[in-house]
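Trainee: Sequence and computational prediction follow.
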Amino acid sequence: MFMNGLKVFVETTSRSGYGAANTFKRSFHMSGKIEARLKELGITLPPPAKPAANYVPTVRTGNLVYVAGQVPMVEGKFEYQGKLGKEYTVEEGQACARLVATNVIAQLKEACGGDLDRV
C-alpha cells in the first residue's frame, strides 16, 4: 500500500566491463514520519543538486515519480570518481552509495513539495 497512491521508481545507469550501459529500475516505498526516521538514523538530506548536464532530475506523472541522473556530488562537486577495487575500497564504495541514495531522497523530497510522507 502506498500513501496517497504515490509510488517511486529510481533509475540508475551503470557501466559494465564492456562499456555498455545497463539500466536498473527499482521500486521502493517509505511510509510514516519519514523526516523523523531520517533524523533518528542521523541522516541529513542535502539540498537537491542542480542537474550537471541537460536532463530533468525528477518527473512526476500521475502517482509515479521517476528520479534519474543522481551521482555522488557534494556541494556541486564530485566526491568519488574512479573504480571500486582500484581507487576505492569496498567501504568507500558503500559511502559513495549512501551519498547517492541521500541525493536521490533529496530529489524525491523536492518532487513531493518537501513532504516525504506523501511517498
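Mentor: Yep, that arrived.

Trainee: Okay, now stretch 112-119: how far is its last residue from its first?
Mentor: 8 Å (Cα to Cα, to the nearest Å).

Trainee: chain center to that stretch: distance?
Mentor: Relative to its chain's centre, stretch 112-119 lies at 15 Å (Cα atoms, centre = their mean, to the nearest Å).

Trainee: and Leu64, how many residues sit next to it?
Mentor: Neighbours of Leu64 under the rule other Cβ atoms under 10 Å: 13. The way it works is simple: take the backbone N, C-alpha and C, and place the C-beta from them, glycine included.

Trainee: Just read off the phi/psi values of it.
Mentor: phi -120, psi 140 (degrees, to the nearest 10).

Trainee: Show me the beta-bridge partners of it.
Mentor: Using DSSP bridges, the bridge partners assigned to Leu64 are Lys7, Thr61.

Trainee: ok, now how distant is it from Glu79?
Mentor: From Leu64 over to Glu79 the distance is 29 Å, taken as Cβ to Cβ, to the nearest Å.

Trainee: cool, and Val59?
Mentor: Distance, Val59 to Glu79, by Cβ to Cβ: 25 Å.

Trainee: what are the ranges of the helices in the chain?
Mentor: With helices called from DSSP state H, the chain shows them at 34-40, 90-111.

Trainee: Give me whichever of those is most buried.
Mentor: helix 90-111 (a mean of 17; mean count of other Cβ atoms under 10 Å).

Trainee: That one packs against which elements?
Mentor: Identification of packing neighbours for helix 90-111 by 3 or more Cβ pairs under 8 Å, 6 or more residues apart in numbering; DSSP states H and E yields strand 7-15, strand 58-61, strand 64-67, strand 73-74.

Trainee: let's see 7 Å
Mentor: strand 58-61, strand 64-67 (3 or more Cβ pairs under 7 Å, 6 or more residues apart in numbering; DSSP states H and E).
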